[in-house]
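K.L.:
predicted model, plus sequence, below.
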Amino acid sequence: MAWADPNIRKHLLRDEGEVIVDEVHHHWVVYLVPMLEAMLGLVLLVAVGYVDLDLGWVPFLLAVAIWMHAGWKALGSHRDRFVVTNMRVFRVNGVLSQKLATMPLSRILDITVAKPLHGRVLGFGHFVFESAAQEQGLRDIRYVGRPDQRDLSIQRVVQRSGLRGPRHWN
């Protein structure tokens, strides 16, 4: 499904030596609602056989509309990517139109990892980035799988870039 892939590599600054450290897809839990909607559409499709012939088009159209909505939501989640490189973090999302939000590593002041109870059980969390510019598309990154490992990965990249580190007092 190349058409469904957001093609992250085209956003890299290759001439500057930028490489991907981590490309974060949403956790599988974001696909539960679209799957439940698709099952509801299947139930409505089966109901077509049990409804009066003159009204059979109603559950059929409802099933198609629900499937289209479920597919749209699943595709939107699939195309929403958060990327950590050796120079910056960025997020690409959108289905028909695409949005790109970028933040250099130097502007990351703090990362909060929120893990609700069901996220701890299922293995996901949410990132909240604090930066000098608060209004951007990178403040909240939701449904991140393995959030602790990913947080450590970001911290390592920031550390290796020399932006933060142990201070030597003379």
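P.N.:
Received, thanks. Numbers count the residues shown, from 1 in each chain.

K.L.:
other residues contacting the lengthiest helix in the chain?
P.N.:
Of all the segments of type helix in the chain, defined by DSSP state H, the longest one is helix 57-79. Helix 57-79 is touched from outside by 4-6, 25-26, 30-31, 33-35, 37-38, 40-42, 44-45, 47-48, 51, 92-95, 98, with contacts defined as CB atoms under 8 Å, 6 or more residues apart in numbering. Every residue, glycine included, has its C-beta placed from N, CA and C.

K.L.:
and if we set it to 7 Å?
P.N.:
Counting by CB atoms under 7 Å, 6 or more residues apart in numbering, helix 57-79 makes contact with 4, 6, 26, 30-31, 33-34, 37-38, 40-41, 44-45, 47-48, 51, 93-95, all of which sit outside it.

K.L.:
what do you get for stretch 112-122?
P.N.:
Contact partners of stretch 112-122, identified using CB under 7 Å, 6+ apart, comprise 29, 125-128, 147-148, 151.

K.L.:
reformat those residues as CSV; add neighbour count, distance to His11 and secondary structure.
P.N.:
Converted to CSV, those look like this (neighbours: other CB atoms under 10 Å; distance: CB to CB, whole Å; DSSP: H, G, I helix; E, B strand; the rest coil):
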residue, neighbour count, distance to His11, secondary structure
Val29, 15, 26, helix
Gly125, 23, 25, strand
His126, 16, 23, strand
Phe127, 22, 19, strand
Val128, 14, 23, strand
Pro147, 23, 23, helix
Asp148, 12, 26, helix
Asp151, 16, 22, helix
